[in-house]
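Trainee: I need the structure of the sequence given here:
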Amino acid sequence: MLPNFKYFSFMKNKNSIPWLICISVALILVVITFTPLVTPSGKIRPFLFGMPYTIWTGICISAGLVIITLIGALVHPGSDKKDEK
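Mentor: Next up is the predicted model:
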């Protein structure tokens, strides 16, 4: 049985560009989380509000993911109710 590709039809729509940007930014943030940029070995400085580098960088990335999720929920192509009949 062939898969139903109607779920990928939003990629042809120009209104899906913000959604694709949200996906890209989220994937980049997830990849950055596991790189030495965020988790360097043996590095705890600089401190911000008494928190070591790894913790405050992780908090910033988590906040970024929450914001991208909110934006993604607003611009998702499938969330438009006027397309339904």
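Trainee: contact partners of the helix or strand where Ile23 lies?
Mentor: Assigned by DSSP states H and E, Ile23 falls within helix 17-33. If you take C-beta atoms under 8 Å, 6 or more residues apart in numbering as the criterion, helix 17-33 is touched by 10-11, 38-39, 58, 61, 64-65, 68-69, 71-72, 75-77. C-betas here are computed from N, CA, C, even on glycine.
Trainee: Repeat that for stretch 54-64.
Mentor: 25, 29, 32-33, 37-40, 43-44, 48-49, 51.
Trainee: how close does the residue positioned nearest the centre of the chain sit to Ile61?
Mentor: In the chain, the centroid-proximal residue (C-alpha atoms, centre = their mean) is Ala26; its distance is 1.8 Å. Look at Ala26 and Ile61: by C-beta to C-beta, to the nearest Å, they are 11 Å apart.
Trainee: And the helices in the protein, which stretches?
Mentor: 17-33, 53-75 (DSSP state H).
Trainee: Save those helices as JSON lines, and put in mean pLDDT too.
Mentor: What follows is the helices of the chain, written out as JSON lines (pLDDT from 0 to 100):
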{"stretch": "helix 17-33", "mean pLDDT": "91"}
{"stretch": "helix 53-75", "mean pLDDT": "91"}
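Trainee: Next, count neighbours for Leu20.
Mentor: 13 (other C-beta atoms under 10 Å).
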